[in-house]
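Student: Predicted model and sequence below, questions to follow.
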Amino acid sequence: MSVLVYVENADGKFKKSIFEVVSYAKAIATQNNTGLIAISIGTVSTDELANLGKYGADKVLNASTDQLKTFVNQAYASIIFEAAKKEGANIIVLSNSFSGRGLAPRIGVKMEAGVADGAVSLPNQTAGSFTVKKTAFSGKAFAVVELNSENKVISLTPNSYKVIDGGANAPLETFTVETKESDFKAIVKDIIRATDKVSLPDAEIVVSAGRGLKGPENWGMVEELANLLGAATACSKPVSDAGWRPHSEHVGQTGIVVSPNLYIAIGISGAIQHLAGISSSKVIVVINKDPEAPFFKVADYGIVGDAFEVIPKLIEAVKQHKASA
Amino acid sequence: MKILVCISNVPDTTTKITFTDNNTQFNTAGVQFILNPYDEIALARAIELSEGGKGTVTVINIGEISTEPTIRKALAIGADDAVRVNAKPHDAYFVAFQLAQYVKENAFDLILTGRESIDYNGSKVAGMLGEFLDIPSISIIKKLDINGDIATVEREIEGGKEVITIPFPFVAGVAEGVAEWKIPNMRGIMSARTKPLKVIEAVAVKTLSEVISYETPAPRGQVKLVPADDAAKLIELLHSEAKVI
Ligand SMILES: Cc1cc2nc3c(=O)[nH]c(=O)nc-3n(C[C@H](O)[C@H](O)[C@H](O)COP(=O)(O)OP(=O)(O)OC[C@H]3O[C@@H](n4cnc5c(N)ncnc54)[C@H](O)[C@@H]3O)c2cc1C
């Protein structure tokens, strides 16, 4: 028995959310007095791979043939399954990223494993059962899920487990398995990724704006504030419905659920569907000209004021703060 | 082209979520149930693709008889026929297994689900179904176009998208961008009453996971207000008190 963690790369690099996943998987391995094996698929440098030892991987398997350069969930799931068999792993851990959502269910079926998606804390194994807490109702609540199966698959919500480092470099091992042609029917033709922007689902800081911003032409200052803070930008549903911002920025019950350290909401009223998507943010700041806006009820800090006056002042204040830091 | 759209019955988005029996049961008292919003987008796209005699759209739901109003809504929007697998949707594995059983007996070219249901947000059914059927699955798509016997989809990734070509049959979880929500018209609503809704029994399958309790997020303390002309104060608090910047 051991724990296997799938480490997803973005353009050959691991993001912080992957260090979280490895730290989390290490803690599960420790709970079960067993080792942690990581598997990387695709092209990643040996330094980057060995570095995973710092976060707790005892060994890193590297599957990096040409055929595996781009993510195809069907093929990647087969490889992770083969690695689990070879290493005798019965708990598979991965990120609840967009790719993770394509993989976890397929691995779950292959291993006849219960799948806990979107875990927010370590499993509880004290009472002889195995339970995992996950977000439910799009962030309005948490559900505690018991996994009854021998094998288990757990995907971790970004920003919900801290990175723990301190270990040494991990040994690498090339992992080769025979692949099935029928696993490669989906073909990635193009990858379009904005490399100069922070991605929303795993961002630590999010600057979000709503209909109070009046029109798409006013997002320049929102973006400036986000850039200064190293934040991702987000919006409310009517804003993306109107085409002011792309759908990928829409946060809420019918959009993306985020759990950043800091969520700044500007000109958003705080409708229940919006709050669902952001309620697990650690700190919430609300800027709204209406003191009665429902958003203030769930905020930690607030400014009652006009966004068009407050945002420029905030931009100045952040600049000063950075200059003095 | 035969299209299957998998639909689920979920609490309305305005529902205040509460629990009973020592936080072990979701409190459905007074809750209005709706067609899962993402499934509605999937259905809208399926109808667009089948229009003009190009295909048929079947909707399928795993649920007890109480879900029938939601199924009728899907028929009113424009599905041709419906199937209900008469069982409580125990978990995603159970649901995907039932769907796979149905698809094995009734071949489909394209199978769509919503990207996730807004109650358990699992995003699991599409992938599990793909695996049971040993066909491709794409977890979250923002665009779906068809050209002959090949489809082109855009898959959502962090900070961008992937353009993927994929042959039929396959399963995809649909998100915003794929189609606009469709509001049923009077003719749709009238005809929904007489469109076929077949009820079939579930097949037995192992239970792999079970929700045993619920928690609600901890309430936040009183909001700390900062004067509008003192933005620097807010930044200072976020830095030295909240320690988030
Ligand atoms: C099925 C369904 C699903 C939904 N899902 C979502 C979802 O996932 N996410 C989501 O966000 N919404 C969702 N909604 C919509 C939701 O109900 C609200 O309508 C929406 O969140 C409101 O967006 P808003 O706050 O930007 O706009 P509004 O409600 O119009 O609020 C604008 C706010 O800006 C403030 N304001 C105006 N001018 C200024 C200014 N100059 N300076 C500062 N403040 C100003 C106003 O005081 C007001 O509070 C959903 C609705 C339905 C029916």
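Tutor: Great, that's in hand. Note that the coordinates shown come from a computational prediction; the quantities given were computed from them, not determined experimentally.

Student: Report the contact partners of the residue in the stretch 51-200 of chain A that the ligand sits nearest to.
Tutor: Proximity to the ligand, evaluated over the stretch 51-200 of chain A using Cβ to the nearest ligand atom, is greatest for A:Ser138 at 7.5 Å. Every C-beta, even on glycine, is put in place using the N, C-alpha and C of the backbone. Contact partners of A:Ser138, counting by Cβ atoms under 8 Å, 6 or more residues apart in numbering or on different chains, are A:252-254, A:257, A:276-277, B:118, B:121.

Student: Looking at the residues you listed, spot the one nearest B:Val174.
Tutor: A:Thr254 (12.2 Å; Cβ to Cβ).

Student: Find the nearest non-adjacent residue to the closest one, please.
Tutor: With sequence-adjacent residues excluded and distances taken as Cβ to Cβ, 6 or more residues apart in numbering or on different chains, A:Thr254 is closest to B:Pro37, at 4.9 Å.

Student: Over to A:Ala10?
Tutor: B:Glu158 (6.8 Å).

Student: now swap in A:Ile191 and tell me
Tutor: What sits nearest to A:Ile191 in space, not counting adjacent residues and going by Cβ to Cβ, 6+ apart, is B:Glu162, at 5.2 Å.

Student: again with B:Ile60
Tutor: Nearest to B:Ile60 is B:Val83, by Cβ to Cβ, 6+ apart, at 4.5 Å.

Student: Correct me if wrong, but the one you found is in a helix.
Tutor: No - counting by DSSP: H, G, I helix; E, B strand; the rest coil, B:Val83 is located in no helix; its state is strand.

Student: Could you check the pLDDT of it?
Tutor: pLDDT, B:Val83: 98.

Student: Same check on A:Ala127?
Tutor: For A:Ala127, the predicted pLDDT is 82.

Student: thinking again about what came up before, in helices, which of the contacts of A:Ser138 appear?
Tutor: Filtering those for membership in helices, criterion DSSP state H, returns A:Ala276.

Student: same for the ligand: which of the contacts of A:Ser138 are within range?
Tutor: The overlap between the contacts of A:Ser138 and the neighbours of the ligand (Cβ under 6 Å from any ligand atom) comes to A:252-254, A:277.

Student: OK, contacts around A:Asn9?
Tutor: A:18, A:40, A:42-44, A:48.

Student: do the same with B:Ile150
Tutor: B:165-168.

Student: Next: A:Ala50.
Tutor: Taking Cβ under 8 Å, 6+ apart as the criterion, A:Ala50 is in contact with A:60, A:169-172.

Student: Kindly report the same for A:Ser160.
Tutor: By Cβ under 8 Å, 6+ apart, the residues touching A:Ser160 are A:20, A:119-121, A:259, A:280.

Student: go again using 6 Å as the cut-off
Tutor: A:Ser160 makes contact with A:120, A:259, according to Cβ atoms under 6 Å, 6 or more residues apart in numbering or on different chains.

Student: What helix or strand is B:Ser139 located in?
Tutor: Element membership for B:Ser139, per DSSP states H and E: strand B:137-147.

Student: Hmm, I typed the wrong one, I wanted B:Lys104.
Tutor: For B:Lys104, the host element (DSSP H and E) is helix B:92-105.

Student: Give the other helices and strands that that helix contacts.
Tutor: Contact partners of helix B:92-105 among helices and strands, from 3 or more Cβ pairs under 6 Å, 6 or more residues apart in numbering or on different chains; DSSP states H and E: helix B:125-133.

Student: Quick check: A:Phe296 is in a helix.
Tutor: Yes - counting by three-state DSSP, A:Phe296 falls inside a helix.

Student: quick one on the thing from earlier: wait, is the residue of the stretch 51-200 of chain A closest to the ligand part of a helix?
Tutor: Yes - in this structure, A:Ser138 lies within a helix as judged by three-state DSSP.

Student: immediately after the strand holding B:Ser139, which helix or strand?
Tutor: Moving toward the C-terminus from strand B:137-147, the next helix or strand (DSSP H and E) is strand B:150-157.

Student: Now do the helix or strand just after that next one against strand B:150-157, angle only.
Tutor: Counting by DSSP H and E, the next helix or strand C-terminal to strand B:150-157 is strand B:160-167. Strand B:160-167 runs at 150 degrees relative to strand B:150-157, counting by axes from the mean of the first three to the mean of the last three Cα atoms, to 10 degrees.

Student: and the spatially closest residue to A:Ser45 that is not a sequence neighbour, how many residues sit next to it?
Tutor: Counting by Cβ to Cβ, 6+ apart, A:Ser45 lies nearest to A:Gly12, which is 6.7 Å off, once chain neighbours are set aside. Neighbour count of A:Gly12, defined by other Cβ atoms under 10 Å in any protein chain shown: 10.

Student: ok, now which ones touch the residue of chain B found nearest the ligand?
Tutor: Relative to the ligand, the nearest point of chain B is B:Thr13 (4.1 Å; Cβ to the nearest ligand atom). Listed by Cβ under 6 Å, 6+ apart, the contact set of B:Thr13 reads A:253, A:273.

Student: Tell me how far it lies from A:Thr254.
Tutor: Taking Cβ to Cβ, to the nearest Å as the measure, B:Thr13 and A:Thr254 are separated by 7 Å.

Student: now do A:Ser17
Tutor: Distance, A:Ser17 to A:Thr254, using Cβ to Cβ: 23 Å.

Student: can you check B:Ala126 too?
Tutor: Using Cβ to Cβ, one obtains 17 Å as the distance from B:Ala126 to A:Thr254.

Student: more crowded one of those two?
Tutor: Neighbour tally, B:Ala126 and A:Thr254, criterion other Cβ under 10 Å: the higher count belongs to B:Ala126, 34 against 24.

Student: List of residues touching the strand holding B:Ser139?
Tutor: A:98, A:101-102, B:45, B:115, B:123, B:126-127, B:130, B:152-156, B:171-175, B:177-178.

Student: What subset of those is buried?
Tutor: By neighbour count, with 16 or more other Cβ atoms under 10 Å in any protein chain shown, the contacts of strand B:137-147 hold A:98, A:101-102, B:45, B:115, B:123, B:126-127, B:130, B:153-156, B:171-175, B:177-178 as buried.

Student: if we can go back for a sec, neighbours of the residue nearest to A:Thr254, how many?
Tutor: Residues contacting B:Pro37 under the criterion other Cβ under 10 Å number 19.

Student: wait, it sits on A:Gln253?
Tutor: No - the pair B:Pro37 / A:Gln253 is not scored as a contact, 8.2 Å apart, by Cβ atoms under 6 Å.

Student: what about A:Val163, how many neighbours?
Tutor: Burial of A:Val163 is recorded as 15 neighbouring residues (other Cβ under 10 Å).

Student: Contacts only, for it.
Tutor: A:19-20, A:23.

Student: Could you report the distance from it to B:Gln222?
Tutor: 31 Å.

Student: which bits of the stretch 201-325 of chain A sit near the ligand?
Tutor: So far as Cβ under 6 Å from any ligand atom goes, the stretch 201-325 of chain A lies against the ligand at A:210-212, A:236-239, A:252-255, A:267-269, A:271, A:273-274, A:277, A:288-290, A:293, A:306-308.

Student: before we move on, back to that, I'd like the contacts of A:Ser138 written out as TSV, with pLDDT added.
Tutor: Compiled in TSV, the contacts of A:Ser138 are given as follows (pLDDT from 0 to 100):
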residue	pLDDT
A:Gly252	94
A:Gln253	91
A:Thr254	90
A:Val257	93
A:Ala276	93
A:Gly277	95
B:Ile118	92
B:Asn121	91
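
Student: Could you export the contacts of A:Ser138 to TSV, including columns for distance to A:Lys133?
Tutor: Output for those, formatted as TSV (distance: Cβ to Cβ, whole Å):
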residue	distance to A:Lys133
A:Gly252	22
A:Gln253	20
A:Thr254	23
A:Val257	15
A:Ala276	17
A:Gly277	18
B:Ile118	19
B:Asn121	13
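
Student: Double-check A:Ala77 against A:Gly108; I have them as touching.
Tutor: No - assessed by Cβ under 6 Å, A:Ala77 is found out of contact with A:Gly108, at 9.2 Å.

Student: So between the two, which is more surrounded?
Tutor: Relative neighbour count places A:Gly108 above the other of A:Ala77 and A:Gly108, with 30 against 26, counting by other Cβ under 10 Å.
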